[in-house]
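mind folding the following:
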Amino acid sequence: MLSLEAATPIENQIDRIDILYGLGIRQMGIAYSETNTLGGGLKETRDGGLTVFGRRAVERMNRLGIAIDISHSGDRTCLDTIEHSAAPVLITHAGARSVWPTSRMKPDEVLVECARRGGVIGIEAAPHTTISTAHPHHNIESVMDHFTYCVELVGIEHVTFGPDTLYGDHVALHRELAKVPGFSDPPLVAPFEPVPYVAGLENPTENFFNIVGWLVKHGYSDAEIQAVIGGNVLRVLEQIWR
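Purely as a prediction, here's the structure:
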């Protein structure tokens, strides 16, 4: 599925959403960390929320059947987007700020509202994102701390996995991207131990074998496992896509 992490390329032209749809885009984020014409990014110290233009963009994406992602948007913009969208909104790759205090994670209010309006929350696993106070050395257990917290908060039917991992040296990529304006990570507000990779979730091949193994080991039923490794997402996309 073709997707964009931010709608920044449309600038202030609504019709570009139609062009992107024609090119095959079926999911698009509002903002990638930095504010754009639609709304605020999570890296900003102040988030003004979804703009008038952003509301028009959300309406157009709803009409076309493009899934809306708020993973990198600011808190106010997330809540505004969830409220304004006629379709469920996705948090494709993030985690719970109550588990790890950084703006890259979502506060309970955003997680709850996303679920209340029918959306799903994908648990991130890229290095140095979904750390937890219980497991500050980022590994599969850290990631699962976010998973279990979200399941308890909003229900298993609204949680999935969005590992956001790749092949090769992911940490080195982050270091290089940090040198490019617009790509630097938001500051963490808690100290953490750097890792070369997230043990147990090193790459796309390893991810779901190990996630399923963890879920089996911890007593989740077949139906619950099927839901969180794809079923929940398919259910929501059937509501969004035309």
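
Glu11 contacts Ala57, correct?
No - at 10.9 Å, Glu11 and Ala57 do not qualify as touching, with contact defined as Cβ atoms under 8 Å. All C-beta atoms are positioned from the backbone trio N, CA, C, and that covers glycine.

in space, what's closest to Ala126 - neighbours in sequence excluded?
Leaving aside its chain neighbours, Ala126 sits nearest to Asp164 (4.4 Å; criterion: Cβ to Cβ, 6 or more residues apart in numbering).

how is the protein divided into domains?
1-87, 113-242 (automatic domain parsing).

how far away is the residue nearest the centre of the chain from Ser85?
Centroid-nearest residue in the chain, with Cα atoms, centre = their mean: His93, separated by 2.6 Å. As for His93, its distance to Ser85 is 18 Å (criterion: Cβ to Cβ, to the nearest Å).

and Asp145, by the same measure?
On the measure of Cβ to Cβ, Asp145 and Ser85 end up 29 Å apart.

looking at this, the residue nearest to the centre of the chain is in a strand?
Yes - His93 sits within a strand when classified using DSSP: H, G, I helix; E, B strand; the rest coil.

that one: what's it in contact with?
By Cβ atoms under 8 Å, 6 or more residues apart in numbering, the contact set of His93 is Ser71, Gly122, Ile123, Glu124, Ala126, Gly162, Pro163, Asp164.

same question for Asn62.
Ile68, Ser85, Ala86, Ala87.

mind putting these in a markdown table, pLDDT and neighbour count included?
Putting these into a markdown table (pLDDT from 0 to 100; neighbours: other Cβ atoms under 10 Å) gives the following:
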| residue | pLDDT | neighbour count |
| --- | --- | --- |
| Ile68 | 98 | 25 |
| Ser85 | 98 | 21 |
| Ala86 | 98 | 11 |
| Ala87 | 98 | 21 |
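
of Glu11 and Ala57, who's got more company?
Just comparing Glu11 and Ala57: by other Cβ atoms under 10 Å the higher neighbour count belongs to Ala57, 28 against 10.

nearest to Leu173, of the contacts of His93?
The closest of the contacts of His93 to Leu173 turns out to be Ala126 (Cβ to Cβ; 9.5 Å).

tell me how many other residues crowd the closest one.
Number of residues near Ala126 (other Cβ under 10 Å) recorded here: 23.

how much space between the nearest residue to Glu44 once chain neighbours are set aside and Pro101?
Excluding the flanking residues, the one nearest Glu44 by Cβ to Cβ, 6+ apart is Thr35, at 5.4 Å. Applying Cβ to Cβ, the value for Thr35 to Pro101 is 22 Å.

so Gln27 sits in a helix?
No - counting by three-state DSSP, Gln27 falls outside a helix, being strand.

tell me which residues touch it, please.
Met1, Leu2, Ser3, Leu4, Ile66, Ala67, Ile68, Asp69, Leu90, Thr92.

re earlier: wait, the residue nearest to Glu44 sits on Gly41?
Yes - if you go by Cβ under 8 Å, Thr35 and Gly41 touch, sitting 5.1 Å apart.

between the two, which contacts overlap?
Asp47, Gly74.

who has more neighbours, those two?
Of the pair Thr35 and Gly41, Gly41 is the one with more neighbours under other Cβ under 10 Å, namely 24 against 21.

got a list of what Thr92 touches?
Counting by Cβ under 8 Å, 6+ apart, Thr92 touches Gln27, Asp69, Ser71, Gly122, Gly162.
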